[in-house]
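**Q** below are the sequence and a predicted model; questions follow.
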Amino acid sequence: MKKILVINGAPKFAHSGGEFNKTLSAWTINYFRQQKDTEVKYTDINNGYDPNEEVEKFVWADIIIYHTPIWWFAMPNDFKKYFDEVLTEGHQKGIYFSDGRRSANPTRNYGTGGLLQGRKYMLTTTWNAPVEAFTLEDEFFHQQSVDEGVMFGFHRMNAFIGLSKLESFHFYDVMKNPNIEQSEKNYLAHLEKIGKSI
């Protein structure tokens, strides 16, 4: 039985209603619920959450799928707060034991105290920026990918708690040039590909 935790980290704020990430979460849930021997749990940060219950979900899951918009080149404040609360609550409760270092050699092995080894995670992000802002020379992100740039710290956070990274999926230009039908098709094809490795 595969155990999948889907987390929607898109708060409703200002001009953003978070509808695309809500739709994206629904695509993910529907896809995995159609798979044999798969159980899905879901957290939408807009609905509130109990940090202890979220810790239990992290410990329960084989795969965690995060959905987040990018606001001002980072995850939204509400989603960051979720991680601050849940991961702190998970200290010595199944998410991580320590930072991995030992007093005998305190300069080595930082980031190896995670307890979720053998589990995996996948990240999706949604952007107003077009993909060309990342891929073309002299454009804004200097040809640095989302995963190597803006979300590098996010990936290290997951490594710190012991999770292994599945290939991310990023949605670009969702404000000015959305193409929901094609986005769904491309994303479901990505899930099919990922499904072969989990």
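**A** Looks like it came in fine.
**Q** C-alpha from now on. contacts and neighbour counts both.
**A** Noted.
**Q** list the buried ones in stretch 70-79?
**A** Using 16 or more other CA atoms under 10 Å as the test for burial, stretch 70-79 gives 70, 75-76, 78-79.
**Q** same deal with stretch 48-60?
**A** 51, 54-55, 57-60.
**Q** confidence score at the residue located most distally from the centre of the chain?
**A** Distance from the C-alpha centroid of the chain, by CA atoms, centre = their mean, peaks at Ala104 (34.6 Å). pLDDT, Ala104: 90.
**Q** distance of it from Thr28?
**A** Applying CA to CA, to the nearest Å, the value for Ala104 to Thr28 is 45 Å.
**Q** quick one: the residue nearest the centre of the chain and Leu136, what's the gap?
**A** The centroid of the chain falls nearest to Tyr66 when counting by CA atoms, centre = their mean (2.7 Å). Computed as CA to CA, the Tyr66 to Leu136 distance reads 27 Å.
**Q** what does Phe169 give?
**A** In terms of CA to CA, Phe169 sits 19 Å off from Leu136.
**Q** all helices of the protein, in order?
**A** 19-33, 51-60, 77-89, 132-135, 152-160, 180-195 (DSSP state H).
**Q** who are the contact partners of Glu85?
**A** With contact set as CA atoms under 8 Å, 6 or more residues apart in numbering, Glu85 has these partners: Pro51.
**Q** and it, what pLDDT?
**A** For Glu85, the predicted pLDDT is 98.
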